[in-house]
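J.: Provided below for reference: sequence and predicted model.
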Amino acid sequence: MRLFKAAILAGTFAILAAGSAFAEDVKIGFIVKQPEEPWFQDEWKFADQAAKEKGFTLVKIGAEDGEKVQSAIDNLGAQGAQGFIVCTPDVKLGPGIVAKAAANQLKLMTVDDRLVDAEGKPLEDVPHMGISATKIGETVGQALVDEIKKRGWDMKNVGAIRISYDQLPTAVDRVEGAISVLKAAGFPAENIYDAPQAKTDTEAALNAATTVLNKHADVKYWVAFGLNDEAVLGAVRASESVGIAADNMIGVGIGGADSAINEFKKPSATGFFGTVIISPKRHGYETALNMYDWIANGKEPAKLTLTSGSLALRGDYEKVRKDLGIQ
């Protein structure tokens with residue numbers, strides 16, 4: 001009997017050891033389009049947490065263009081990885097990314113931006129975790145409407161800067177979500193001015209917004225919205241440069257990036273009123289766990305998972321961040 005128990009224990013330990021060894025053999029890539037951006041840095045940080053918990057190897061790769069994405073996938077295949085998560089610099093690269101993943105026998109998940117085919121339709125067979133862009137845009141729009149009313153502004157005397165980056169479907173969905181709420185609240189459509197940005201950074205947004213503000217110098221009150229915090233911060237900086245008082249600008253960003261938090265920390269309030277914080281924890285930690293579970297246990301992730309965000313203001317951003325698990 002004693003020998004029988006010893007054999008069972010030995011078998012149990014062997015199974016546990018084998019499981020541990022297998023986890024160590026799992027290698028997962030995490031490719032992002034803008035590795036220097038805080039959002040992607042946070043995604044990697046939370047993916048690292050998942051890797052430490054499960055014992056797999058995480059390979060973090062920045063790929064700013066299509067050629068680098070293709071090279072990164074080949075690199076992962078050569079390293080013996082079994083799968084990867086990607087936020088591509090161009091969603092139209094979808095068919096090429098799928099083909100390259102298959103050629104390297106790699107499981108594929110996307111995060112943040114969903115791949116599309118040649119006709120612009122989502123590649124629904126590729127598991128994706130994204131942001132409910134329209135709902136987040138609606139949250140931005142509602143925050144703008146509420147603050148306009150709180151300040152007692154007459155909407156017909158308010159201008160709205162739509163910082164746009166229409167090459168990205170997510171960007172379109174976000175700004176259109178905001179516009180839908182503004183219009184429903186009675187905001188005049190003719191008071192919404194498009195400010196196309198060349199890139200998705202603050203400088204490009206500043207240049208785009210400055211053009212609008214100079215063209216409509218007679219408008220006293222302004223609101224601003226766009227793809228991310230950087231877009232709105234650009235509009236705020238532009239308003240400052242043309243002499244618009246902080247009290248006459250309401251900018252609501254998206255993302256809760258360090259740049260937004262730093263704005264809240266300034267001694268005096270600026271025109272950057274709020275940000276809809278999206279938690280990078282789920283997008284990094286959960287996608288990495290899902291990919292690991294797919295590789296290790298054959299459990300394929302859901303085809304589509306959409307996350308939402310929470311409005312954070314100068315007075316409550318610390319609590320919001322804590323509630324989202326990012327502080």
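T.: On my side now, so go ahead.
J.: my read is residue 274 is in a helix, agree?
T.: No: Residue 274 is assigned strand when assessed by DSSP: H, G, I helix; E, B strand; the rest coil, not a helix.
J.: Wait, it touches residue 143, no?
T.: Yes: using Cβ atoms under 8 Å, residue 274 is in contact with residue 143, at 5.5 Å. Using the backbone N, CA and C atoms, a C-beta is placed for each residue, glycine as well.
J.: Against residue 240, how distant is the residue nearest to residue 196 when sequence neighbours are not counted?
T.: Excluding its sequence neighbours, the residue lying closest to residue 196 (Cβ to Cβ, 6 or more residues apart in numbering) is residue 164, at 5.1 Å. Relative to residue 240, residue 164 is positioned 21 Å away (Cβ to Cβ, to the nearest Å).
J.: Those two: which has the busier surroundings?
T.: Neighbours per residue, other Cβ atoms under 10 Å: of residue 164 and residue 240, the larger number sits with residue 164, 22 against 15.
J.: which residues are common contacts for residue 274 and residue 143?
T.: Common contacts of residue 274 and residue 143 (Cβ atoms under 8 Å, 6 or more residues apart in numbering): 252, 311.
J.: quick one, which of those two is more surrounded?
T.: Per other Cβ under 10 Å, whichever of residue 274 and residue 143 has more neighbours is residue 274, with 28 against 23.
J.: now the more buried one: how far from residue 254?
T.: The gap separating residue 274 from residue 254 is 10 Å, by Cβ to Cβ.
J.: Which strand residues bridge the residue nearest the centre of the chain?
T.: What sits nearest the mean C-alpha location of the chain, by Cα atoms, centre = their mean, is residue 112, with 5.2 Å. With DSSP bridges applied, residue 112 shows beta-bridge pairing to residue 130.
J.: What's the per-residue pLDDT of it here?
T.: We have a pLDDT of 92 for residue 112.
J.: What does the pLDDT read for the closest residue to residue 93 other than its chain neighbours?
T.: Of all residues not flanking residue 93 in the chain, residue 66 sits nearest, at 5.0 Å (Cβ to Cβ, 6+ apart). According to the prediction, residue 66 has pLDDT 95.
J.: list the contacts for residue 66?
T.: For residue 66, the contact set (Cβ under 8 Å, 6+ apart) comprises 88-90, 93, 96.
J.: ranking the residues you listed by neighbours, who comes first?
T.: Neighbour counts for the contacts of residue 66 peak at residue 88, which has 23 neighbours (criterion: other Cβ under 10 Å).
J.: Correct me if wrong: that residue contacts residue 114.
T.: No: applying Cβ under 8 Å as the test, residue 88 and residue 114 come out as separate, 9.4 Å apart.
J.: For the stretch 51-200 of the chain, give me the ranges with low pLDDT.
T.: Along the stretch 51-200 of the chain, the model assigns pLDDT under 70 to no residue.
J.: hey, where'd the strands end up in it?
T.: Residue ranges of the strands in the stretch 51-200 of the chain, as given by DSSP state E, counting those that start in this stretch, are 57-62, 83-86, 107-112, 128-131, 158-164, 192-196.
J.: Only the buried residues of the first one, if you could.
T.: Counting neighbours by 16 or more other Cβ atoms under 10 Å, one finds that the buried residues in strand 57-62 are 58-62.
J.: send the alpha carbons of it over as PDB?
T.: The C-alpha coordinates for strand 57-62 follow below in PDB (Å, rounded to 0.1, in the frame of the first residue of the first chain):
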ATOM      1  CA  THR A  57       7.800  33.600 -22.500                       C
ATOM      2  CA  LEU A  58       6.500  36.900 -23.800                       C
ATOM      3  CA  VAL A  59       8.200  38.400 -26.900                       C
ATOM      4  CA  LYS A  60       7.500  42.100 -27.200                       C
ATOM      5  CA  ILE A  61       7.900  43.600 -30.600                       C
ATOM      6  CA  GLY A  62       7.300  47.100 -32.000                       C
END
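J.: Would you list the strands that it pairs with, along with their directions?
T.: Next to strand 57-62 in the sheet, as set by DSSP bridges, lie strand 27-32 (parallel).
J.: can you give me the angle the strand it pairs with makes with strand 107-112?
T.: If you take axes from the mean of the first three to the mean of the last three Cα atoms, to 10 degrees, strand 27-32 sits at 30 degrees to strand 107-112.
J.: Name the residues that touch strand 27-32?
T.: Strand 27-32 has contacts (Cβ under 8 Å, 6+ apart) with 40, 43-44, 47, 51, 56-63, 69, 72-73, 76, 79-88, 106, 284, 288, 291-292, 295.
J.: With only the CA atoms kept, save stretch 303-321 in CSV.
T.: C-alpha atoms of stretch 303-321 as CSV (Å, rounded to 0.1, in the frame of the first residue of the first chain):
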residue,chain,number,x,y,z
LYS,A,303,-14.3,35.9,-31.6
LEU,A,304,-15.1,39.3,-30.3
THR,A,305,-14.7,41.0,-26.9
LEU,A,306,-15.4,44.7,-26.5
THR,A,307,-14.4,46.7,-23.5
SER,A,308,-15.6,50.1,-22.4
GLY,A,309,-14.2,53.1,-20.5
SER,A,310,-14.9,55.3,-17.5
LEU,A,311,-15.0,59.1,-17.5
ALA,A,312,-12.3,60.7,-15.3
LEU,A,313,-12.1,64.3,-14.3
ARG,A,314,-9.5,66.4,-12.6
GLY,A,315,-11.1,65.7,-9.2
ASP,A,316,-11.6,62.0,-9.4
TYR,A,317,-9.1,60.5,-11.8
GLU,A,318,-7.1,58.7,-9.1
LYS,A,319,-10.2,56.8,-7.9
VAL,A,320,-11.2,55.9,-11.5
ARG,A,321,-7.8,54.6,-12.2
